[in-house]
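K.L.:
model this:
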Amino acid sequence: MIQKDPLKNTPTSLNALWSQHDRNRLSWAFRAYERFIKSLSPEIRERLAYKGHKAEAYVVVFGKTQVGKTTLLMDLMGVHHDAMDRVSKVLRGGRPQGQSATATTMEYRRSADHRWGLRVEEKDTCWFEDDRAITLALGQLREAMERRQLAANFPCVVCIPVDCFDQQANQPAVRMLDLPGDKPANPMEQEHVHQMALKYVPLADLILLVGRGDDLSFLQPGGLALPGIEDWQSVPGRFRIVTTYSFTAQSVRELVRQHEGPADVQLYRQRLIEQIEKFAPLGQDAKRAERYFPLEFGRSWIDAQKRHPLLYKRVSPMIDALKRQLHMDIQASTTPLARLRGAVEARVVIVRLKESRLKEMQSAYQAVQQKLQQAQDDLTQTQNARDQSSRSCQRLADRLAVLTKERLSQDIKTNFHLSGSTSPGDPGETVNSFKTLVRQAKSSLQQRVMDSRPNLNSQLPNNEPMNTGWFWRSVSAQVNLEEVDKVLSDVFSSFMTTLNDYWIDTYWNTGSGSDYQRDLKSLANCITEAASKLKEMAGQTWLKAANQQLFKYLQDLKSEQLLHRSWEQRVQDIQRPVKILEQELMAHTCEREIFEQRMLADLAESQRFIEVLDSEYLAELKKRHQAIYSQNQYIPAFLGLLAAVQLRQVRQQLMLHIETVSI
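P.N.:
Take a look at the predicted model:
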């Protein structure tokens with residue numbers, strides 16, 4: 001039975017008890033959230049990373065180098081514009097203007113007093129009384145980072161003196177993380193950016209993607225190549241797009257002049273969206289205007305007040321309104337309901353992630369498929385060239401196999417004859433006529449030698465391996481005319497001497513046994529002898545030419561064989577990447593199938609969130625009821641009952657919030 005104990009029911013203790021009930025009013029929902037998140041695949045968990053409702057909130061600022069991220073962050077924290085130069089100079093760590101100032105992931109906080117603070121690798125905070133000391137410390141920090149002497153597993157915390165802030169500004173009390181610029185020149189910095197993004201981006205309450213208004217390429221595909229940021233359109237509600245130097249470009253100033261009166265926020269937001277879509281298509285949810293903040297801040301905007309007073313007058317109120325809206329978005333993103341909203345949006349995230357990843361996978365698949373097709377085409381062409389080379393080598397080898405020196409000699413012996421014939425003709429009855437016949441015979445024999453070549457037309461058809469006609473048709477021989485003349489002179493010299501010894505030109509007797517008949521027979525014998533010797537000489541000339549041609553063909557065969565081996569090697573060289581690409585294509589197919597299965601499982605699991613929520617709610621009610629029944633004091637028991645009733649109201653509010661989420 002409940003007993004009254006007025007001594008223990010003091011206002012202080014009762015207020016503390018009610019505050020505890022109030023703090024725990026959403027604990028059951030976060031337990032459901034945690035159970036739900038753990039049931040999803042890693043891809044989805046990275047985008048809906050669990051953060052308890054008591055976890056400290058923070059915002060991540062990310063973008064290319066030299067776009068004004070740090071200045072934006074200082075502005076959002078409420079650093080007074082008069083202190084901007086001082087803070088900026090210190091945070092540069094001694095680096096000149098125009099170079100990246102952020103050495104590692106930096107977390108900026110307000111100091112409790114006028115001192116600077118620096119905490120590295122979760123060690124105790126070092127405090128500095130003057131700007132020079134903290135500037136030197138930050139410079140040493142960058143050097144340590146570049147020499148791989150800094151583990152950088154945690155952000156480096158910088159506490160900024162309280163007197164640097166606008167004391168009247170009401171800024172959100174959140175941690176603000178400044179990531180080094182995307183794709184920095186220093187490889188160590190790049191590696192660190194990737195690791196820090198992997199660790200901290202999934203847990204951020206809000207992520208600001210920052211770029212210059214005159215260079216929106218930072219949002220194009222491939223421009224945000226870091227975990228949790230590269231596919232920002234899958235969860236666009238966690239992101240805000242902030243552009244710096246948004247109104248100083250000539251084209252924007254002209255646009256401001258064309259529209260009289262105060263600047264219209266929607267006009268410039270819509271223009272910014274249209275400009276971004278020239279670099280990267282935006283999804284419907286990503287195009288919501290309230291996610292975009294074209295801003296100006298820092299020294300350049302202060303200077304613009306003097307250079308472009310009309311521009312400053314028209315645009316400044318709009319920029320102030322946008323900054324207030326950004327502050328409100330930061331505050332709203334850190335509420336318990338905002339964090340729970342991620343679980344409800346899991347189905348949206350899954351669908352968007354699936355569409356985005358499948359599109360990427362399809363592009364990657366098509367790229368590999370195109371490479372594979374090209375490689376297969378190259379392989380087919382190379383195999384055809386190899387096969388053609390193989391046939392050419394084999395055909396030439398088969399033909400040359402019978403072309404021995406003995407075979408060539410036999411071809412000459414059997415198939416080489418002097419062309420035509422040389423007839424002595426009618427010498428008449430004078431010595432001079434015989435001399436004329438000798439000159440004619442020599443000329444005829446010389447022409448016959450020049451016209452002669454091995455005659456293999458009677459051999460087997462050209463496609464028969466034993467045929468050598470194809471070879472002899474490729475042989476070219478040039479008989480030496482001087483040697484021909486020498487043979488003819490030697491053969492006919494004795495006969496010419498006989499003719500020259502005659503004193504009388506006319507033969508008186510032409511009958512049998514006469515000088516006339518003897519000379520006629522000698523002329524015929526000379527022609528026969530000369531033809532025989534010329535045939536032998538020409539045959540040797542053709543045989544020599546044939547051996548030279550055979551040597552050339554043998555060299556050609558070696559060249560063809562070398563070419564064939566090179567084609568064989570080329571085929572092997574292409575086959576290896578073809579196999580690799582085939583395996584890669586198969587891996588892409590398997591990856592896609594596995595990914596689709598995971599997404600289907602996640603989608604089915606995401607539909608159970610309400611069931612998990614109800615389960616934890618009922619468990620919490622049961623726990624509260626048991627606590628009430630076991631309470632031995634009236635007032636605490638009544639407060640427990642009120643807390644249970646409040647729990648029902650909290651659930652109704654949460655369910656109304658859930659029902660407003662667009663799936």
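K.L.:
pull up the gap between D82 and Q305, please.
P.N.:
14 Å (CB to CB, to the nearest Å). Backbone N, C-alpha and C define where each C-beta goes, glycine included.
K.L.:
assign the residue nearest to G93 when sequence neighbours are not counted to helix, strand or coil.
P.N.:
Excluding its sequence neighbours, the residue lying closest to G93 (CB to CB, 6 or more residues apart in numbering) is L138, at 3.3 Å. At L138 the chain is in helix, as set by DSSP: H, G, I helix; E, B strand; the rest coil.
K.L.:
which residues touch L138?
P.N.:
By CB atoms under 8 Å, 6 or more residues apart in numbering, L138 lies in contact with V90, L91, R92, G93, G94, A103, L118, V158.
K.L.:
from the residues you listed, which one has the minimum pLDDT?
P.N.:
Confidence by pLDDT is poorest for A103 among the contacts of L138, given 57.
K.L.:
now for the lengthiest helix in the chain, which elements pack on it?
P.N.:
In the chain, taking DSSP state H as the definition, the longest helix is helix 515-606. Judged by 3 or more CB pairs under 8 Å, 6 or more residues apart in numbering; DSSP states H and E, helix 515-606 is in contact with helix 42-47, helix 346-401, helix 405-415, helix 431-451, helix 469-472, helix 481-500.
K.L.:
report the distance from that helix to the chain centre.
P.N.:
39 Å (CA atoms, centre = their mean, to the nearest Å).
K.L.:
rewinding a little: in strands, which of the contacts of L138 fall?
P.N.:
Among the contacts of L138, the residues falling in strands (DSSP state E) are L118, V158.
K.L.:
out of the contacts of L138, which is most surrounded?
P.N.:
Taking other CB atoms under 10 Å as the neighbour criterion, A103 ranks highest of the contacts of L138 with 27 neighbours.
K.L.:
now do the contacts for the nearest residue to G283 once chain neighbours are set aside.
P.N.:
Excluding its sequence neighbours, the residue lying closest to G283 (CB to CB, 6+ apart) is Q233, at 4.9 Å. By CB under 8 Å, 6+ apart, the contact set of Q233 is L282, G283, D285, A286, R352, S356.
K.L.:
and the buried ones among the residues you listed, selectable in PyMOL?
P.N.:
The PyMOL selection below is limited to those of the contacts of Q233 classed as buried (16 or more other CB atoms under 10 Å):
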select buried, resi 282+285+286+352+356
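K.L.:
lowest-confidence member of the contacts of Q233, which is it?
P.N.:
Within the set of the contacts of Q233, pLDDT is lowest for R352 (65).
K.L.:
any idea how far R518 lies from Q381?
P.N.:
From R518 over to Q381 the distance is 77 Å, taken as CB to CB.
K.L.:
which phi and psi does I160 have?
P.N.:
Backbone torsions of I160, given as degrees, to the nearest 10, read phi -100, psi 130.
K.L.:
would you confirm that it contacts G78?
P.N.:
No: using CB atoms under 8 Å, I160 makes no contact with G78, being 10.0 Å away.
K.L.:
of the two, who's got more company?
P.N.:
I160 (23 against 17).
K.L.:
could you measure from the more buried one over to R86?
P.N.:
Using CB to CB, I160 is found at 10 Å from R86.
K.L.:
go on, S39?
P.N.:
To R86, S39 is 50 Å away according to CB to CB.
K.L.:
run through the bridge partners of C126.
P.N.:
When bridges are taken as DSSP bridges, the partners of C126 come out as L118.
K.L.:
list the contacts of it.
P.N.:
Applying CB under 8 Å, 6+ apart, the residues contacting C126 are G117, L118, R119, A137.
K.L.:
by contact count, what packs against the next helix or strand after the longest helix of the chain?
P.N.:
Following helix 515-606 in sequence order, the next helix or strand is helix 609-630 (DSSP states H and E). When contacts are defined as 3+ CB pairs under 8 Å, 6+ apart, helix 609-630 packs onto helix 27-38, helix 634-659.
K.L.:
mind checking which of those is nearest E568?
P.N.:
Proximity to E568 (CB to CB) singles out helix 27-38 among the helices and strands packed on helix 609-630, at 56.8 Å.
K.L.:
and that closest one, what does it pack onto?
P.N.:
Counting contacts by 3+ CB pairs under 8 Å, 6+ apart, helix 27-38 packs against helix 336-344, helix 609-630, helix 634-659.
K.L.:
now do that helix against helix 609-630, angle only.
P.N.:
Relative orientation of helix 27-38 and helix 609-630, computed by axes from the mean of the first three to the mean of the last three CA atoms, to 10 degrees: 150 degrees.
K.L.:
buried ones in helix 27-38?
P.N.:
S27, W28, A29, F30, R31, A32, Y33, E34, R35, F36, I37.
K.L.:
ok, how many other residues are close to R391?
P.N.:
Neighbour number of R391 under other CB under 10 Å is 11.
K.L.:
and for A385, the neighbour number?
P.N.:
The tally of other residues near A385 (other CB under 10 Å) stands at 16.
K.L.:
next one: D329
P.N.:
Per other CB under 10 Å, the neighbour tally for D329 reads 20.
K.L.:
could you list the low-pLDDT ranges of the stretch 251-400 of the chain?
P.N.:
261, 334-354 (pLDDT under 70).
K.L.:
tell me the domain boundaries of this structure?
P.N.:
Structural domains annotated on the chain: 22-39+608-659, 58-333, 391-603, as defined by automatic domain parsing.
K.L.:
in the stretch 551-663 of the chain, where is pLDDT below threshold?
P.N.:
Checking the stretch 551-663 of the chain against pLDDT under 70 turns up 605-607, 633, 656-663.
K.L.:
now do the stretch 101-250 of the chain
P.N.:
Applying pLDDT under 70 to the stretch 101-250 of the chain picks out residues 101-103, 148-153, 169-174, 180-190, 192, 198-199, 202-203, 221-228, 230-231.
K.L.:
can you give me the strands for it?
P.N.:
Taking DSSP state E, counting those that start in this stretch, the strands of the stretch 101-250 of the chain run over residues 106-110, 116-119, 126-128, 156-160, 175-178, 206-212, 239-244.
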